[in-house]
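> What follows is a predicted protein model with its sequence.
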Amino acid sequence: MRFWVWPRLAVVVCQGGKLDEEVHLDRCAVDGIPIFRRGSGGGTVLLGPGCLLYSLILPMDAHPALGDLNASYRFIMARMALAFAEDLPGASNSESSDLVWRDRKISGNAQQRKRAHLLHHGTVLDHFDLSLIGRSIKHPPRMPDYRRARPHEDFVVNVNLGAQRIMEILSSAWNVAGLRSDWPEKDVARLVAEKYGSDEWNSRR
């Protein structure tokens, strides 16, 4: 499991997302907000300070539910919701890949699946400026039923627990034994140079 925070505002679109349908391109240009594309599914998000990011790599043979996309979301998000229950009573996993508290979204999640392992990653809104989301991101073309077509500012909410407490909660959910500060910096730099930092990847529609 890894944790990090994007140091400045950035829009991230899913692998198959269409920029002109999901992003206010003109506003992002005026505000100087870069637009990137990730290799997983899910919806378009605005990242930045106050939004904690995590990634979790699981072997698919660790549990029968992990072999199926929808079942794996239910299994993982139910475990997440249980871990948050003490600090956020009533937290639950929705019918989508969201984590919900008081009928509002606190965490969005996505996956990239390989033959034997899956990468599950997501956001947790902690002290994020929620008013910025609607300026950069359009109303999504697809949405879960529980959203009820609410605009961004009425649909999401901060947990206000602090990054340290959120990391403790998520670590406990997956029995993480200690934290490490090292990460595959050279491999990441290579992938950015070869693919994820290119206009061909990020700007394709």
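Good, I have the coordinates. Numbers count the residues shown, from 1 in each chain.
> ok, the spatially most central residue of the chain - contacts?
Most central in the chain under Cα atoms, centre = their mean is residue 122, positioned 2.7 Å from the mean C-alpha point. With contact set as Cβ atoms under 8 Å, 6 or more residues apart in numbering, residue 122 has these partners: 53-54, 97, 99, 107-110. For every residue, glycine as well, the C-beta is placed using N, CA and C.
> So residue 14 versus residue 75, what's the distance?
Shown here: residue 14 relative to residue 75, a distance of 21 Å by Cβ to Cβ, to the nearest Å.
> So in terms of bridging, what pairs with the nearest residue to residue 6 once chain neighbours are set aside?
Closest residue in space to residue 6, ignoring its immediate chain neighbours: residue 47 at 4.0 Å, by Cβ to Cβ, 6 or more residues apart in numbering. As for beta bridges, residue 47 partners with residue 10 under DSSP bridges.
> Now for residue 47, how many residues are close by?
For residue 47, the count of nearby residues is 21 (other Cβ atoms under 10 Å).
> Same check on residue 192?
13.
> Likewise for the one 3 residues further on?
The criterion is other Cβ under 10 Å. On that basis, residue 195 has 13 neighbouring residues.
> Quick check: which element contains the residue lying closest to it once chain neighbours are set aside?
Leaving aside its chain neighbours, residue 195 sits nearest to residue 201 (5.4 Å; criterion: Cβ to Cβ, 6+ apart). Following DSSP states H and E, one finds residue 201 within helix 199-202.
> name the helices or strands packed onto that helix?
Judged by 3 or more Cβ pairs under 8 Å, 6 or more residues apart in numbering; DSSP states H and E, the packing partners of helix 199-202 are strand 35-37.
> tell me the helices in the protein, going along the chain?
19-22, 25-31, 69-84, 133-136, 152-155, 163-173, 185-191, 199-202 (DSSP state H).
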